[in-house]
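A.B. asks: Return a 3D structure for these sequence lines:
(one chain, ligands or ions: 2)
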Amino acid sequence: MGTEPSLFAVKQFSLVFRQYEKGWQESKIQAISGFNLTIQKGEIVAIVGASGSGKSLLANAILGILPENAETDGEILFEGEALTPKRQEELRGKEIALIPQSTNALDPLMKAGKQVQTMIKGKNKKKIQEGIFHKVGLASEAGERYPFELSGGMARRVLVTTAIASQAKLIIADEPTPGLDEHSRNETIQYIKQLANEGKGVMFITHDIMAALAIADRIAVFYAGQTVEIANTEDFYGKGEQLRHPYTKALWNSLPQNEFKPLPGSQPAPITVLNGCAFAPRCLKATSICKQKQPLNRSLNQGMVRCFHA
Ligand SMILES: Nc1ncnc2c1ncn2[C@@H]1O[C@H](COP(=O)(O)OP(=O)(O)OP(=O)(O)O)[C@@H](O)[C@H]1O
Ligand code: NI
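C.D. replies: Ligands and ions are numbered 1, 2, ... in the order given. Below you'll find the predicted structure:
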């Protein structure tokens, strides 16, 4: 013990888009900055945060499928080795699998069963695929259908089965539950939990905080392209007394089952150049330093926070 590297690690990762306006002026959009995270074997780390905070970009950066005008900095390590573009291509769909945000990712011209079979190595592909379908409650005949013949919930399950079939060690699930009814949602998160129980590392991107709390070991909270907090699942209770960052507390207290208290204002657009803390304009605790300086990541109560006042 101790010497084995983390399954997955991200160190000081940032992502900017360069855009040229009117052919001359170059503008930079800072989509992610100073991001740090590790995921161990068998661990589920949830990424929660507002729409447009950079979660899918992070997923795509790990898979090496970013748009051309994206520039990245920092390190992404898989089993202790840098994920170079060459390695990303080799490992994609094999050691690292994505459950994409949209069911449009299914090939419309290939039957569902066939698509899952392409992820399986070795012999007996059809038999293995049918076994996996059975495991997630998909009838064998669903394998004979084209994606347009599947319901939304079935298509989502097929996406989950592709990740199971891949034998990947790291699964990135980008919002696998929206649009599912309560029953299918619960089942889907249980499959994800099962993947972790089999020893896979999982990055679970979601808007559904209750789903994250149901299965994740740790929760990373994204705000305007930065992690403002990494909390343990047990820290989410009561009025959020144990939570470290004011944004996480506000997110928690805005849930219907808690105080249902909305957080006024909105996240700054990525184009905004920030001097101080990105959350300061909405933060009740903000003081003058928060508007002048960016807080750095620091450890607190077995988690991480980016706030001067935590
Ligand atoms: N190719 C691009 N060029 C410029 N900006 C982009 C590009 N792709 C994404 N962005 C911007 O980067 C930000 C982060 O987008 P991203 O899709 O990662 O958000 P997200 O957190 O996954 O949101 P959601 O929860 O809605 O899925 C957004 O503001 C988006 O407009
Ligand atoms: Ni997204």
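A.B. asks: give me the element residue 158 is part of.
C.D. replies: helix 152-165 (DSSP states H and E).
A.B. asks: What residues does the stretch 1-150 of the chain have near ligand 2?
C.D. replies: For the stretch 1-150 of the chain, the residues in contact with ligand 2 (Cβ under 5 Å from the ion) are 55-56. (Each C-beta comes from the backbone N, C-alpha and C, glycine too.)
A.B. asks: Could you pick out the residues of the stretch 1-150 of the chain near ligand 1 for me?
C.D. replies: Applying Cβ under 6 Å from any ligand atom, we find that the stretch 1-150 of the chain lies next to ligand 1 at 17, 29, 31, 51-57, 67, 101.
A.B. asks: Pipe the residues you listed into TSV and attach secondary structure, pLDDT and distance to residue 282 per row.
C.D. replies: Shown next, in TSV, are those (DSSP: H, G, I helix; E, B strand; the rest coil; pLDDT from 0 to 100; distance: Cβ to Cβ, whole Å):
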residue	secondary structure	pLDDT	distance to residue 282
17	strand	92	24
29	strand	87	21
31	strand	92	20
51	coil	88	16
52	coil	88	15
53	coil	89	14
54	coil	91	18
55	helix	93	19
56	helix	92	23
57	helix	94	22
67	coil	92	29
101	coil	84	26
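A.B. asks: out of the residues you listed, which are buried?
C.D. replies: Taking 16 or more other Cβ atoms under 10 Å as the criterion, what is buried in those is 17, 29, 31, 52-57, 101.
A.B. asks: which one of the residues you listed is nearest ligand 2?
C.D. replies: residue 56 (3.1 Å; Cβ to the ion).
A.B. asks: give the contact list for the closest one.
C.D. replies: Applying Cβ atoms under 8 Å, 6 or more residues apart in numbering, we find residue 56 in contact with 101, 174-175, 205.
A.B. asks: can you list those residues in a markdown table and add secondary structure?
C.D. replies: Shown next, in a markdown table, are these (DSSP: H, G, I helix; E, B strand; the rest coil):
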| residue | secondary structure |
| --- | --- |
| 101 | coil |
| 174 | strand |
| 175 | coil |
| 205 | strand |
